[in-house]
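Novice: Can you look at this prediction? I've put the sequence above it.
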Amino acid sequence: MSVRVGILGATGAVGQRFIQLLDGHPTFELAALTASEDSAGRPYREAAKWRVDSPIPVDVAEMTVRETTPEAVPDDVDLLFSSLPSSVAVDVEEDFARDGYVISSNSSNDRLAEDVPLTIPEINPDHLDLIEVQRDERGWDGALVKNPNCSTITMIPPLAALDRFGIERVDVSTLQAVSGAGYSGVTSMEIIDNAIPHIGGEEDKMETESRKLLGDFDGAAVTWHDMDVAASCNRIPTLDGHLENAFVDLADDPDVDEVADAMREFPGVDLPSAPNQLIHVFDDPERPQPRMDRMRGQGMQICVGGVQSTDHGVKFNCLAHNTVRGAAGASVLNGELLVENGYL
């Protein structure tokens, strides 16, 4: 089965990662690229300042960039991946869905909307059925599906594995790569020989999205998880890979081996972009490290290390590639889930 797809916001950092991940994909055929009015009408090789660590696919380089409007995208495109700025996406994505397109979006708008699935296929695939509620309430034929923030998606798989022990509270401190801010988001004068102990809006995303992701879906609505979450988010001078230090209070009292086994054995999904093992747990207390481990599972695996007991539960470190698993790869995986579940 071949599914024709497009990318909204194709010239930016995450848009470029979409192109890299879709090159040679067994199901998705890239058929449309959109960007701003300044880029529209130009060959992609001219419109995008390519920065991904592999060449632009030859066929993509010559594709003409289109305007980001439903009228500019061919009707036979079945699925759109969105990496638009949220300030633009908040209106544009709904225009496309209203026009019948299905959108798998990395943009932050609408993630907490009651009728919008916020989905990680290995964690809460049943939430995808919120699409039925969304279509009924909004009266459109298309659909809008979101993946979570790059820092949230790093800690959620380990937390999902621990939920069997009764998660009561999570405190997390992040060490986030500069690529998470986009290519012009943090200047070299700000970040070299430095760390920035604030990332606007990031803490709130972690504290809210995590509770929706781990919530229960009853067929009509998602009841958020009742755990408390407190986050402190920091930018550090690594290029890619968000490292996080998590402290989790549990109702039960599992030992370290039980915790590590629960993470290692947490089931994955049989989708083309999914890693064979979702969570890799290191015995070495000095791992994971961004430079060494961010590309495990082709950048789609979650790495955990430093698992230790505390007076109230456990603590551990976790790592994920923020523009692969935490952004474009997450949207591609959601797109594969949409195909698997018959929503295209």
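Specialist: Good, I have the coordinates.
Novice: can you list the domain ranges for the chain.
Specialist: Following automatic domain parsing, the chain resolves into domains at 3-148+327-340, 150-322.
Novice: Quick check: the gap between the nearest residue to Ile153 once chain neighbours are set aside and Glu209.
Specialist: Leaving aside its chain neighbours, Ile153 sits nearest to Gly326 (5.1 Å; criterion: Cβ to Cβ, 6 or more residues apart in numbering). For every residue, glycine as well, the C-beta is placed using N, CA and C. Between Gly326 and Glu209 the distance is 12 Å, computed by Cβ to Cβ, to the nearest Å.
Novice: for Ile279, same thing?
Specialist: In this view, Ile279 and Glu209 are 19 Å apart by Cβ to Cβ.
Novice: in the stretch 151-300 of the chain, which spans are strands?
Specialist: Applying DSSP state E, counting those that start in this stretch to the stretch 151-300 of the chain gives strands spanning 167-176, 216-217, 222-223, 228-235, 242-250, 279-281.
Novice: rewinding a little: would you mind measuring from the residue nearest to Ile153 to Val14?
Specialist: From Gly326 to Val14 the distance is 10 Å (Cβ to Cβ).
Novice: who has more neighbours, those two?
Specialist: The residue with more neighbours, out of Gly326 and Val14, is Gly326; 30 against 26, by other Cβ atoms under 10 Å.
Novice: mind listing what that one touches?
Specialist: Each residue near Gly326 by Cβ atoms under 8 Å, 6 or more residues apart in numbering is listed here: 149-151, 153-154, 180, 242, 320.
Novice: export stretch 292-302 as CSV, just CAs?
Specialist: Listed next in CSV are the C-alpha coordinates belonging to stretch 292-302 (Å, rounded to 0.1, in the frame of the first residue of the first chain):
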residue,chain,number,x,y,z
MET,A,292,26.9,8.4,22.3
ASP,A,293,23.3,7.2,22.5
ARG,A,294,20.9,9.6,20.7
MET,A,295,20.9,7.6,17.5
ARG,A,296,20.1,4.2,19.1
GLY,A,297,17.3,2.5,17.2
GLN,A,298,17.8,5.0,14.3
GLY,A,299,17.1,7.8,16.8
MET,A,300,13.7,6.3,17.8
GLN,A,301,14.7,4.5,21.0
ILE,A,302,14.4,5.8,24.5
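Novice: Would you mark the buried spots in it?
Specialist: 293-294, 296-297, 299-302 (16 or more other Cβ atoms under 10 Å).
Novice: Save the residues you listed as TSV, and put in pLDDT and distance to Val339 too.
Specialist: Converted to TSV, these look like this (pLDDT from 0 to 100; distance: Cβ to Cβ, whole Å):
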residue	pLDDT	distance to Val339
Asp293	98	29
Arg294	98	27
Arg296	98	25
Gly297	98	21
Gly299	98	21
Met300	98	17
Gln301	98	22
Ile302	98	23
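Novice: Let me know the closest of the residues you listed to Tyr101.
Specialist: Distance to Tyr101, by Cβ to Cβ, is smallest for Met300 among those, at 25.3 Å.
Novice: residues contacting Pro197?
Specialist: Counting by Cβ under 8 Å, 6+ apart, Pro197 touches 232, 234.
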